[in-house]
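Engineer: need coordinates for the below:
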Amino acid sequence: MKKIYLPLIISIFIQINAFPQGGWSWQNPYPQGNTLHSISFVSTVAGRGWAVGELGTAIYTQDGGLTWQLVDLGTQENLNCVFMHSDTQIFIVGDNGLIIYIYDNGSSFEIEQQNSNTAENLRSITSNINGCPWIAGDDGTVLRTTDMGLTWTQQNVIYNYNLYSLHNIECTSAWAAGLDGFIMYTTDWGINWTYQATPTSHHLFSVDIGTFQHIRAVGNAGTILLSTDEGATWEIDSSGTNSNLKDVLNVGYARGYTVGTGGVILETSDVGEPWIQRNSSASEVTTLYDVEDKYGTDEMYVVGRYGIILKNSGVGTDFDILNGGTLNFLLSVQFYDENLGWAVGDNGTILRTIDGGETWIESTFGSSKLNSVFFIDDQEGWAVGRDGTIRHTADAGEHWGTQNSGTTSELWSVHFSDPDNGWAVGRYSEIIHTTNGGTTWTPQTSPTPNWLYGVYFVNSSTGWAVGLDSTIIHTTDGGANWVRQIINASNGFRFADVQFIDAMHGWVVGIYGSIFLTTDGSATWQEIRGSGESLNSIHFVDHNNGWTVGDAGTILRSRDGGLTWTPQFSGVASNFLAAVYFVDAMNGWVTGEGGTILHTSDGGGIVGIETNETASKLPENFLLSQNYPNPFNPSTTISWQQPEVGHVTLKIFDVLGREVSTLLNEELNAGKHETTFDASQFSSGIYFYQINAGKYIETKKMLLMK
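Structural biologist: Coordinates of the predicted model:
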């Protein structure tokens, strides 16, 4: 259901050096890995630029893209377009009628949410030096302002096509493009719009006006349209590609760029004759959504999927990646302690960190995809993958050798119970076993032909493997004999992962959000539904505290042994999350698609984490936790800990700093505490909660979304 924004302007003031937030944060790629839809470098001052994308993602640079700062705009809506009207004035539009205006004074941002009077998704915003911002969106939506967004006026458009792009060069004239080859224009400030016939029925995602009002539009199946008479007639340019083209930019009279699916970047220097493919660091699975120039230079910037940012150095040059870290799919992660860890993935990628993921050292050994990594201690580990590949290290991952698996089947999971005994499972129900640390591997017989995706052993005799069609197989003799478990599943689930905390307590996760648990060593299994999204990995640190991750950025948290699960805000919009690993109830990592690595030092933001070890201990210091859930509607839980008896106040403030509620004003004992904030009577927006306990004062931000 679409959300209609309140008829007011919500304003907040944010320092450029934002304070750290709890929950999950990006470690790779730099600066983040959500899809970026738009980038703008209109600014002439110190290389300032902005890029925006999925799930409210906004990043800012002051040095031409060498370094980036994540900026919290107080929204989780998809942001579709950013436009720098000037050095200091920035407009951003997004889903559900979202319009954000930012004033950048060089050291801080003043951020306003402007009233659009629509709940349609807004796709494009453009302006010019005369101060004429225009917006286009779904269902023929066109908005215009003459007062920099204090008021936006809905234009009289008789066509109800979804409009993906709008461009103007004067306050009076603009062109818009959208579904099914649709193009319309106005020459009277948007009072009247006229349809222009085009020679295509492909969706058009971008339209751009160049010098002498040469106009280009691009869209699906490599479509490039060119008009040299202000749109009266259109001709098709030969792009030489079948990629769906997402954006086009005219630079002067003859030069132009267009980008799209398959990582394609095309350049022309002769009015489209011809379009030449430019090489880049973008992979073929990457979609590029926007190309823009840096004001006053020949440099071009491109953004797209997995947060990729590309840049060239001028006419006829290829594009280099500005991101830090790998963009390869990372399929498995394991940590020995809070500092030492490893991750593996596509193209033989192996990452190693000795500082908890602050920095990752990348190595590649061959090109075979690696699906699973397992370390038995801080030195010795194995990684398995495509074509029966097995890599082995005895020096914490600094060097890797090859072991002969004896199979060419793809291996999906590896696990060792001790330095000698290990198992790997894979395609075609493959099971292989070693009793000498991998010097030799021998096949074992599965009782099912189903592919196997996960394996786990609690000792050298007792283990489980899982796979297609709700397969759970169990052995009590080291795999000499495997027996399929009967679990009476409600569906033929593809199980992706299995873990046991001891010989009795274990969990399995898989497709359609399936979660199964056992407390009797797999004699019986209980089916739990955790999420609609498929789940790919599960990890418990004790009998109570566990996490599972899956498709579309899904992270779920359990505090009761897997009986109930609560979603956590991952900050990931759509990337497939493949693996999760925690070293204790607070410190964990998640890896996945597009080089995704996330880290948390507070259990992912869940309040009230409690283990048998910590339950009896008093806190050693004050700590105010991030509220959960966040965003919330209409209530949320705020928790904190205090090391001593003292008088505590907990108050709520709005974005203007006005106190709107006092949740607590009393003396409390040392220990852990929590209270609920019911915001049923409050409007959507950003609020702050502040705790005051003697000399300890701390404030955190939360978001109410109705």
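Engineer: so where is the stretch 51-200 of the chain shaky, pLDDT-wise?
Structural biologist: 129 (pLDDT under 70).
Engineer: show residues contacting stretch 353-368.
Structural biologist: Residues from elsewhere that reach stretch 353-368 (CB atoms under 8 Å, 6 or more residues apart in numbering): 27-28, 325-326, 338-343, 347-352, 385-387, 389, 391, 397, 400, 402, 587, 589, 597, 599. Just so you know, the C-beta spots here come from the backbone N, C-alpha and C atoms, and that holds for glycine as well.
Engineer: with stretch 99-106 instead?
Structural biologist: By CB under 8 Å, 6+ apart, the residues outside stretch 99-106 that reach it are 45, 48, 50, 73, 75, 79, 87-94, 109-116, 122, 135, 148-149, 152.
Engineer: per-residue pLDDT, Gly685?
Structural biologist: The model reports Gly685 with a pLDDT of 88.
Engineer: if we can go back for a sec, next, check the contacts of stretch 99-106 against the helices and list the overlap.
Structural biologist: Using DSSP state H, the subset of those located in helices is empty.
Engineer: can you select the buried ones among these for me in PyMOL?
Structural biologist: To isolate in PyMOL the members of the contacts of stretch 99-106 that are buried, counting by 16 or more other CB atoms under 10 Å, one can use:
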select buried, resi 48+50+73+75+79+88+89+90+91+92+93+94+109+111+112+113+114+115+116+122+135+149+152
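Engineer: going along the chain, name the strands of the stretch 51-200 of the chain.
Structural biologist: In the stretch 51-200 of the chain, the strands defined using DSSP state E, counting those that start in this stretch lie at 58-61, 69-70, 79-84, 89-94, 99-104, 108-114, 122-126, 134-137, 142-144, 153-154, 163-168, 174-178, 183-186, 194-196.
Engineer: distance of the nearest residue to Glu230 once chain neighbours are set aside relative to Gly231?
Structural biologist: Nearest residue to Glu230 in three dimensions, chain neighbours excluded: Gln213, at 4.9 Å (CB to CB, 6 or more residues apart in numbering). According to CB to CB, to the nearest Å, Gln213 and Gly231 sit 8 Å apart.
Engineer: neighbour-wise, which of the two wins?
Structural biologist: Gly231 (21 against 16; other CB atoms under 10 Å).
Engineer: just checking, Ile135 touches Val142?
Structural biologist: Yes: under the criterion of CB atoms under 8 Å, Ile135 makes contact with Val142 at 7.0 Å.
Engineer: just for this structure, where's the confidence low?
Structural biologist: Applying pLDDT under 70 to the chain flags residues 1-21, 43-46, 129, 272, 530, 606-618.
Engineer: repeat the analysis, applying 50 as the threshold.
Structural biologist: 1-12, 14-20, 606-616 (pLDDT under 50).
Engineer: residue nearest the middle of it, spatially speaking?
Structural biologist: In the chain, the residue lying closest to the centroid (CA atoms, centre = their mean) is Val572, at 2.7 Å.
Engineer: from what I see, that residue and Gly33 are in contact.
Structural biologist: Yes: at 7.2 Å, Val572 and Gly33 qualify as touching, with contact defined as CB under 8 Å.
Engineer: give me the common contacts of those two.
Structural biologist: When CB under 8 Å, 6+ apart defines a contact, the residues bordering Val572 and Gly33 alike are Thr596.
Engineer: and the residue nearest to Glu230, its phi and psi?
Structural biologist: phi 60, psi 40 (degrees, to the nearest 10).
Engineer: likewise for Asp346?
Structural biologist: Dihedral angles of Asp346 (phi, psi; degrees, to the nearest 10) stand at phi -60, psi 160.
Engineer: tell me if I'm right that Ala578 and Leu331 touch.
Structural biologist: Yes: counting by CB under 8 Å, Ala578 touches Leu331, with 4.7 Å between them.
Engineer: what touches both of the two?
Structural biologist: Joint contacts of Ala578 and Leu331 (CB under 8 Å, 6+ apart) are Thr591.
Engineer: the strands in the stretch 251-400 of the chain, which residues?
Structural biologist: 255-260, 265-268, 276-277, 288-293, 300-304, 309-311, 320-321, 330-335, 341-345, 349-353, 361-364, 370-375, 381-385, 390-393.
Engineer: now those strands in CSV, with distance to His167 and mean neighbour count?
Structural biologist: Listed next are those as CSV, based on distance: least, CB to CB, whole Å; neighbours: other CB atoms under 10 Å:
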stretch, distance to His167, mean neighbour count
strand 255-260, 13, 26
strand 265-268, 18, 24
strand 276-277, 24, 13
strand 288-293, 12, 24
strand 300-304, 17, 26
strand 309-311, 22, 24
strand 320-321, 28, 14
strand 330-335, 39, 24
strand 341-345, 40, 28
strand 349-353, 40, 22
strand 361-364, 40, 13
strand 370-375, 45, 26
strand 381-385, 47, 27
strand 390-393, 51, 22
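Engineer: will you turn those strands into a markdown table that also has distance to Ala480?
Structural biologist: Formatted as a markdown table, the strands of the stretch 251-400 of the chain follow (distance: least, CB to CB, whole Å):
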| stretch | distance to Ala480 |
| --- | --- |
| strand 255-260 | 55 |
| strand 265-268 | 56 |
| strand 276-277 | 56 |
| strand 288-293 | 53 |
| strand 300-304 | 51 |
| strand 309-311 | 53 |
| strand 320-321 | 50 |
| strand 330-335 | 27 |
| strand 341-345 | 29 |
| strand 349-353 | 32 |
| strand 361-364 | 36 |
| strand 370-375 | 21 |
| strand 381-385 | 21 |
| strand 390-393 | 21 |
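Engineer: nearest to Cys171, of those strands?
Structural biologist: For the strands of the stretch 251-400 of the chain, distance to Cys171 was read as CB to CB. The smallest value, 21.6 Å, belongs to strand 288-293.
Engineer: so what's Thr35 up against?
Structural biologist: Thr35 makes contact with Gly53, Glu54, Thr57, Thr287, Tyr289, Gly304, Arg305, Tyr306, Gly307, Ala573, Ser574 under the criterion CB under 8 Å, 6+ apart.
Engineer: hmm, which two among these are most spread apart?
Structural biologist: Going by CB to CB, the pair spanning these furthest: Thr57 and Thr287, at 15.5 Å.
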